[in-house]
Structures are given as C-alpha cells and as structure tokens.
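**Q** Sequence isn't available, so here's the structure alone:
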C-alpha cells in the first residue's frame, strides 16, 4: 500500500500493466504462504513455463496467487483492486481469500464449509428477477456474436465492469451483483473467487460446458449467477442467443 499513488507501470507482453508493487507482493506471498501450508506458489507474474510446470507437478497442493488483481486501477489511483489467494488440490480450490485493502473487504471460503465476508457468513439470498438483475460483464474477450447480443438485447437491468475480476466474484457472492459473464479468465483470476461464489450458494459454468472445473485453467470463460434459479435463466438466455446467431449465419 505505500506504493499506491506512488508507482509507475510498464506494459507486459500480453498488454497488461506491471508495477513494482505486483512483484513485491508476489515475492512476499511466495515467502509467507509455504509457512502456512508447505506447498509451492504459482503467481501471475511468473513465466508461462514456470506456471505450467508448477501446475503439472503439484496437483497434491499448490498456492495460486494474483498479487494485485486490477493493476491498472492500482496504477491509476482507483480503489478497485485486490489480492487473491487460493490453495488448490487436484485442480480445485480448497481455500480461497480475496482482500481489497482500500475497500475494507475480505472474502474467504473453505471447500465444503462455507464462505464469509469480513467474518460474517455469506449465503445465497433471494435474487432479483433477471429483468432487474445487475450484471458484471467483461466484453474484452467475449465472442463477438455474444457481445453483440448482450449489447443489443440485454435481458438484465444494468451492467458494470470494474476492472478486477476477482472482485466480480466476491460481489456476486455477496449479492451486490447478480450475474457474471467473462470471455476468458486465467487460473489466478477465478481460483479463489469461484470457490467463494459456490460456497455462498452461487452457480458457475463456462460457455462451453456446465462442468466449470473441467475446463483449461489457462483460458476459461465464465457464466455465473448468485442463485441456482437465476443461473438457469441466465444460462438459457446466453445459450439461446448464441444459437440464434449461429443459425442466422447458416
């Protein structure tokens, strides 16, 4: 946090931003987390080769961290950024923690035991109807046909994009948002957040399969909602509108 408002950013090969705070946070987590549980740490700011090697060699236990999710927000002085930490076993998270220091929000979950926000239990509450829903939508990597359908025929009330996908998961779990749609997230984007949502009673799939955890960890689309009933409506709308575009193109 001493670097907030006092840091410069450079552009990474993938187009994202990187600051000294990202590197320092990742190094600190790499030192600290194995003291909690003796497993290696996979971080966003590692090379692709190191990330894939750690993933393949440590299915019995692996920390996955995003040292600062929302680096662009952090570098520009916006408060929507977070640290995301997950402990993974056999490709699935068993512990998830997402902390947004400027917002005062700490979301946690343990597989099979529930989810919490600042120590208070999170649970699925009655969701708003689809037509009144607030949606967290990231257009950046959505298939073009689906992005067009969402823009021109949206079934929800409003959409927001805050530039930090880990917080989208948490706000969905807390009922601040109702729906979520992302074209592509990486392991450190969803590892903790998907667990928090599911433990709070929400549902998640990809655009390609209902089995979210069977998809590749390196490029995974997200279709989610905060209650099973709302998820069923949202999934039906997305699949129907994608199908209509495919049929029209034939």
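**A** Happy to help now that I have it. Source: prediction; values computed, not measured. Residues are numbered from 1 along each chain as shown.
**Q** which SS state does the residue lying closest to residue 130 once chain neighbours are set aside fall under?
**A** Excluding the flanking residues, the one nearest residue 130 by Cβ to Cβ, 6 or more residues apart in numbering is residue 233, at 4.8 Å. In short, each C-beta sits where N, CA and C put it, glycine included. Assigned with DSSP: H, G, I helix; E, B strand; the rest coil, residue 233 falls in the helix class.
**Q** For the protein, just list every one of the strands.
**A** Assigned by DSSP state E, the chain shows strands spanning 9-11, 17-19, 41-43, 62-69, 82-89, 92-100, 105-110, 114-117, 120-122, 134-138, 158-160, 179-185, 203-205, 220-225.
**Q** possible to save those strands as TSV with distance to residue 54?
**A** As requested, the strands of the chain are exported to TSV (distance: least, Cβ to Cβ, whole Å):
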stretch	distance to residue 54
strand 9-11	24
strand 17-19	20
strand 41-43	4
strand 62-69	6
strand 82-89	10
strand 92-100	15
strand 105-110	22
strand 114-117	26
strand 120-122	30
strand 134-138	26
strand 158-160	33
strand 179-185	18
strand 203-205	24
strand 220-225	18
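**Q** To residue 31, which of those lies closest?
**A** strand 41-43 (8.8 Å; Cβ to Cβ).
**Q** sorry, back to before: need the pLDDT of the residue nearest to residue 130.
**A** Here, the pLDDT recorded for residue 233 equals 96.
**Q** ok, now residue 9?
**A** The pLDDT attached to residue 9 in the predicted structure is 82.
**Q** ditto for residue 141
**A** So, for residue 141, pLDDT stands at 86.
**Q** got the contact list for it?
**A** 182, 183, 184 (Cβ atoms under 8 Å, 6 or more residues apart in numbering).
**Q** Phi and psi next, for it.
**A** Main-chain torsions, residue 141, degrees, to the nearest 10: phi -120, psi 20.
**Q** Residue 222 versus that one, what's the distance?
**A** 10 Å (Cβ to Cβ, to the nearest Å).
**Q** Ok, which of the strands of the chain comes nearest residue 51?
**A** strand 41-43 (5.6 Å).
**Q** now the closest one: mean pLDDT?
**A** Mean per-residue pLDDT for strand 41-43: 98.
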